[in-house]
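Engineer: here is the input, now give the coordinates:
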Amino acid sequence: MAEQIGAGRAWLRKTVEDAILDRFKGDVRVVTRDTSTGLILEVTPATASSGFVGSVAAAADLPPLPKPDSNGNRPAVQYARAVIARTIIQRRTAVGWSQAELARRARLPVETLNRIERVRVTPDESTVKRIERALVTAERAASKVGTTRARHHSARG
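Structural biologist: As a prediction, the model looks like this:
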């Protein structure tokens with residue numbers, strides 16, 4: 001069983017690394033850390049002039065969705081918490097932020113964000129709005145960097 005899990009992680013790592021490298025056409029370097037709790041991929045610029053900085057949370061790093069019961073139903077609150085947590089983690093790691101950085105920019109205690117990402121609490125509407133605002137700002141900034149870089153490359157070509 002342990003060999004199957006190890007092989008599965010290796011396959012996942014290779015698949016995600018290939019997808020990232022294909023998407024950014026060699027402009028990034030992928031560093032993999034395989035821990036007992038899951039897989040972490042850190043994506044950094046391959047060169048100092050690269051405009052992309054960030055990391056990607058692999059599926060093994062995300063909190064699991066609750067399993068369905070015998071009728072195929074899932075507990076609604078736990079499912080909602082897991083979906084919210086997974087979305088925050090994916091977006092946070094895509095912009096290269098730690099929990100502490102997102103918490104700071106969203107003006108939240110880091111402990112609150114940690115509990116949300118560990119599926120321990122359901123965030124209220126104002127907390128979700130703060131997190132959303134911080135992430136949208138970061139995603140727009142990253143998008144502008146990528147657009148500027150793409151224009152620069154096409155102008156040279």
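
Engineer: residue ranges with poor pLDDT in this protein?
Structural biologist: For the chain, residues meeting the criterion pLDDT under 70 lie at 1-60, 145-157.

Engineer: where along this structure do the helices fall?
Structural biologist: Assigned by DSSP state H, the chain shows helices spanning 2-24, 76-94, 99-106, 110-117, 125-156.

Engineer: which residues touch the third one?
Structural biologist: When you say that, I think you mean helix 99-106. The contact list for helix 99-106 (CB atoms under 8 Å, 6 or more residues apart in numbering) reads 88, 92, 97, 109-110, 112-114, 117, 127, 130-131, 133-135, 137-138. Quick note: C-beta positions are derived from backbone N, CA and C, even for glycine.

Engineer: apply 7 Å and report the result again.
Structural biologist: The contact list for helix 99-106 (CB atoms under 7 Å, 6 or more residues apart in numbering) reads 92, 109-110, 113-114, 117, 130-131, 134.

Engineer: redo the residues you listed as JSON lines? Include distance to residue 143 and neighbour count.
Structural biologist: As requested, the contacts of helix 99-106 are arranged in JSON lines below (distance: CB to CB, whole Å; neighbours: other CB atoms under 10 Å):
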{"residue": "92", "distance to residue 143": "16", "neighbour count": "24"}
{"residue": "109", "distance to residue 143": "29", "neighbour count": "11"}
{"residue": "110", "distance to residue 143": "26", "neighbour count": "14"}
{"residue": "113", "distance to residue 143": "23", "neighbour count": "25"}
{"residue": "114", "distance to residue 143": "27", "neighbour count": "15"}
{"residue": "117", "distance to residue 143": "24", "neighbour count": "19"}
{"residue": "130", "distance to residue 143": "21", "neighbour count": "19"}
{"residue": "131", "distance to residue 143": "18", "neighbour count": "25"}
{"residue": "134", "distance to residue 143": "15", "neighbour count": "22"}
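
Engineer: export these to CSV and tack on distance to residue 82?
Structural biologist: Formatted as CSV, the contacts of helix 99-106 follow (distance: CB to CB, whole Å):
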residue, distance to residue 82
92, 15
109, 21
110, 20
113, 15
114, 15
117, 10
130, 20
131, 16
134, 21
